[in-house]
Structures are given as C-alpha cells and as structure tokens.
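> please find the sequence and the predicted model below.
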Amino acid sequence: MEDFRCMNHSQEPAVAQCRRCGKPVCEHCYDPETGCCRDRCGVMNNGSSMPYKQRSTAWTIVVSLLAIVGGLALLLITICGALIFSY
Ligand SMILES: [Zn+2]
Ligand SMILES: [Zn+2]
C-alpha cells in the first residue's frame, strides 16, 4: 500500500478513494457526505450545476426552435392544402 497515499498530502495515508475522480484521499481531503475529495470534486460538484443549466437552456432554445419550425411547417401545409383544395 505504498502508492495508496493522499493526492494532496504525500505524507498522509489515504483512507478512501474519491468516488468521482478515483484519486486516493486522506481523511482531511475526503468528504464522507459526497464520497468525493473536497479540493477538486467538491468544487467541481458545485460548479457542475452551471454547465447543466447552460445545457438545459440550450435544450430550451432547440425545443422552442423546433416548435417554431414545426408551427411554420404546419402553417405551410395548411396553406398548401387550402391552395390544393381551392383548385
Ligand atoms: Zn475527486
Ligand atoms: Zn489529504
């Protein structure tokens, strides 16, 4: 178990492995609540809500664009149908 030491403190023996990045962490760096290292993945965990929000915003834009395109297509089909039926 020579290599199984904290990634931040090379003197400290690792008590656990980070659930997210898999790095060995000592009891000071390990967060039992999240099962992750405090320094990296604790911060990453807080910051990960931002990209998710951005992605969901992008999805909202895509969905609204699709809705607009679908509405236009429906309108076009209705107009074409009316033109065809008028002949
Ligand atoms: Zn980690
Ligand atoms: Zn440590």
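Nice, I can see it. Residues are numbered from 1 along each chain as shown. Ligands and ions are numbered 1, 2, ... in the order given.

> other SSEs contacting the helix or strand where S56 lies?
In the assignment (DSSP states H and E), S56 maps to helix 49-86. The contact analysis (3 or more Cβ pairs under 8 Å, 6 or more residues apart in numbering; DSSP states H and E) places helix 49-86 against no helix or strand. (Glycine included, C-beta is placed from N, CA and C.)

> so where is this protein shaky, pLDDT-wise?
In the predicted model, the chain carries pLDDT under 70 at residues 1-3, 43-54.

> need the residues of it near ligand 2, please.
Applying Cβ under 5 Å from the ion, we find that the chain lies next to ligand 2 at C6, N8, H9, E12, C26, H28, C29.

> would you write a PyMOL line that selects the buried entries of these?
Filtering the residues of the chain next to ligand 2 down to the buried ones (16 or more other Cβ atoms under 10 Å) takes a single PyMOL command:
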select buried, resi 6+8+12+26+29
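
> just the residues of the chain next to ligand 2: which are in strands?
Residues of the residues of the chain next to ligand 2 located in strands (DSSP state E): none.

> redo the residues of the chain next to ligand 2 as a markdown table? Include distance to R19.
Shown next, in a markdown table, are the residues of the chain next to ligand 2 (distance: Cβ to Cβ, whole Å):
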| residue | distance to R19 |
| --- | --- |
| C6 | 15 |
| N8 | 16 |
| H9 | 19 |
| E12 | 19 |
| C26 | 15 |
| H28 | 17 |
| C29 | 13 |
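
> tell me the one among the residues of the chain next to ligand 2 nearest to C36.
Nearest to C36 among the residues of the chain next to ligand 2 is C29, at 9.6 Å by Cβ to Cβ.

> any idea how far apart the tips of stretch 7-22 sit?
10 Å (Cα to Cα, to the nearest Å).

> neighbouring contacts of that stretch?
For stretch 7-22, contacts defined as Cβ atoms under 8 Å, 6 or more residues apart in numbering pick out 1, 4-6, 23-30, 32, 34-37, 39-41, 44-45.

> same thing with stretch 29-36?
So stretch 29-36 is in contact with 6-9, 15-16, 18-21, 37-39, 41-42, 45, going by Cβ under 8 Å, 6+ apart.

> for that stretch, output the C-alpha coordinates as PDB.
Taking C-alpha atoms only, stretch 29-36 is exported to PDB below (Å, rounded to 0.1, in the frame of the first residue of the first chain):
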ATOM      1  CA  CYS A  29      -9.400  15.700   2.000                       C
ATOM      2  CA  TYR A  30     -12.200  13.100   1.900                       C
ATOM      3  CA  ASP A  31     -15.700  14.300   2.200                       C
ATOM      4  CA  PRO A  32     -17.900  11.500   3.500                       C
ATOM      5  CA  GLU A  33     -21.100  13.300   2.600                       C
ATOM      6  CA  THR A  34     -20.400  13.300  -1.100                       C
ATOM      7  CA  GLY A  35     -17.800  10.500  -1.200                       C
ATOM      8  CA  CYS A  36     -15.500  12.800  -3.100                       C
END
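
> I'm done for today, thanks for sticking with me.
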